[in-house]
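Q: Predicted model and sequence follow; I will ask about them next.
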Amino acid sequence: MDGVRKSIGFQGLLTVEAQGRGGGLAMLWKESQPWRLTGFYGEPNRSQRKRTWDLLRNLSRDSNLPWCIIGDMNNIRSQTNKKGGAHYPQWLLDGFNDTLEDVGLKDIDLYGHPFTWERGRDTDSFLEIRLDRAMATTNWFDLFPYAKLYNLEGSPSDHSAISLGLVCRITGDKNTKYFHATCNKRQRINLISKLKNDSGQWVDWQDGLKALIQTFYTDLFTVAPVEYDQVIDCVPHSISQDQNLELNKEVSKEEVKVALFQIHPDKAPGPDGNVLKGLNDTSIVLIPKKKNPTVVGEEKEKSNSSRGAKADSSV
C-alpha cells in the first residue's frame, strides 16, 4: 500500500490488515488544514444500541478539531428514512437524535437514491433503509461548505457505497484570483455564440440561432407514429394484479410531502436561480461536447425539471 500511496501523491497512510479471507482497510490522505474523520459502525443489536450513543458522546470529547463521521450507523433519524417493513421504534429515533444533538453532528445531504440498504428485493416484504450516512460538526462545514455525499448504487452488497466529495473553502488573494480565472475560462469554453445552419451559413443570436436550435430539438424529440402493440404482447407480465392495484391508488398528501422533502432545497431552479413556476417546466442547457462546435447536435443537453415535476416522478 505504501507504493500506492507514493504513486498517487498522498502523504498519510493507515492500514488494517486482512484477517483470513476478510478484507482489510486502507485510509490515505493528503496534508491540509487539520480535521478529524471517524469511520463508524453502529451496534446492530437494538437492545445494545445505547453503546453506540455513549461511544459517540465519548468520541466528541476527545478533540475540538473539525469532525466528520461516516459509515453504517445501524440507526435512522425519522420514519422517512425507511420504506416498507414495520414502524421503526420511536425510542431508537429519539435516542439517536438526542445523541447527535448533544455532540453537534449534522447530516451531510445525500444525493441520489435516498436509501442505502435493502432486503427482500422482488418480494412483497421488500425493505429499504438509509443506514449509511455522513455527519459533521459546524466547524467542519465551515472548512468544507461545498461537501456532497453521493449514493453509489449498483453494489452487489445489500448496502450501497457512499462517496463523500470535498472542496475546501478558497481563501486568500492568490487562490481567489485562480478560482475566478478558472471559472471564467470554463465559461468561455461553454459559450455558444454562433453555429452553422443546414445551408452551411453561420448564424448568431441576432441572426436566427435561437430558431435554429429550437427547430433541431423539436424535430429530434417529435415521435413518429409507431405500431407497438405486437411488441407489448410479447412482453411477459411482471406485475401481479394486486401490485397493479397498489400502484394505481390515489397518491396521498404524505407521499407528496416525502417526495418534496427528499429534493435538495437548491435543486430544480429556473434560469434566474429561482424555482420554476410551471408544474412541468424544464430548463434545458446546451454544453459543447468539443471545443468550438460548428453545428447543432455537437452539444450535450442538461435538463433541469421543476420541483413539481421531480416530485411527481418521485411519487
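A: Arrived safely. Numbering: from 1, shown residues only.
Q: State the helix or strand in which the closest residue to Leu105 other than its chain neighbours lies.
A: Residue nearest to Leu105 in three dimensions, not counting chain neighbours: Met135, with 4.0 Å by CB to CB, 6 or more residues apart in numbering. (Glycine included, C-beta is placed from N, CA and C.) Assigned by DSSP states H and E, Met135 falls within strand 132-136.
Q: What strands flank that strand, and is each parallel or antiparallel?
A: Its sheet considered, strand 132-136 pairs with strand 67-72 (antiparallel), strand 106-107 (antiparallel) by DSSP bridges.
Q: Please identify the deepest-packed of these.
A: Of all the strands paired with strand 132-136, strand 67-72 has the most neighbours on average by mean count of other CB atoms under 10 Å, namely a mean of 20.
Q: Pull the distance from that one to the chain's centre.
A: Relative to the centre of its chain, strand 67-72 is centred 17 Å away, using CA atoms, centre = their mean, to the nearest Å.
Q: ok, and what's touching it?
A: 35-42, 56, 59-60, 105, 108, 117, 131-137, 139-140, 159, 162, 164 (CB atoms under 8 Å, 6 or more residues apart in numbering).
Q: can you rerun that using 6 Å?
A: 36-41, 131-132, 134-137, 140 (CB atoms under 6 Å, 6 or more residues apart in numbering).
Q: ok, those vs Gly208, which is closest?
A: Within the contacts of strand 67-72, the smallest distance to Gly208 is 49.4 Å, found for Ala134 (CB to CB).
Q: Go ahead and confirm the closest one touches Lys148.
A: No - between Ala134 and Lys148 there is no contact under CB atoms under 6 Å: 9.8 Å.
Q: The two: which is more packed in?
A: Ala134 (22 against 16; other CB atoms under 10 Å).
Q: gap between that one and Glu43?
A: Separation of Ala134 from Glu43 (CB to CB, to the nearest Å): 19 Å.
Q: And Ser60, by the same measure?
A: 17 Å.
Q: roughly how far apart are Phe221 and Lys210?
A: 17 Å.
Q: of the two, who's got more company?
A: Lys210 (12 against 8).
Q: Where do the helices of this structure begin and end?
A: 2-7, 49-60, 90-103, 138-143, 173-190, 209-220, 229-234, 241-247, 253-261, 307-314 (DSSP state H).
Q: OK, contacts around the nearest residue to His159 once chain neighbours are set aside?
A: Excluding the flanking residues, the one nearest His159 by CB to CB, 6+ apart is Trp117, at 5.1 Å. By CB under 6 Å, 6+ apart, the contact list for Trp117 reads 129, 131, 158-159.
Q: Please repeat the previous calculation with a cut-off of 10 Å.
A: 72, 74, 76, 82, 127-132, 157-160 (CB atoms under 10 Å, 6 or more residues apart in numbering).
Q: what's the distance between it and Leu164?
A: 18 Å.
Q: pLDDT below threshold where in this protein?
A: 21-24, 153-156, 168-190, 262-284, 300-315 (pLDDT under 70).
Q: Domain-wise, how is it divided?
A: 32-165, 192-314 (automatic domain parsing).
Q: which of those is buried the deepest?
A: domain 32-165 (a mean of 15).
Q: residues touching the residue nearest to Leu105, list them.
A: So Met135 contacts 38, 40, 56, 67-71, 73, 77, 100, 103-108, 149 (CB under 10 Å, 6+ apart).
Q: Leu13 contacts Leu25, correct?
A: No - with contact defined as CB atoms under 10 Å, Leu13 does not reach Leu25; the gap is 11.3 Å.
Q: Excluding covalently adjacent residues, which one is nearest to Arg119?
A: Leu127 (4.8 Å).
Q: how close does that neighbour get to Ala224?
A: Remark: distance between Leu127 and Ala224 (CB to CB) = 43 Å.
Q: what bridges to the residue nearest the centre of the chain?
A: Against the mean C-alpha coordinate of the chain, by CA atoms, centre = their mean, the closest residue is Tyr111 at 1.6 Å. Following DSSP bridges, Tyr111 is listed with bridge partners Tyr150.
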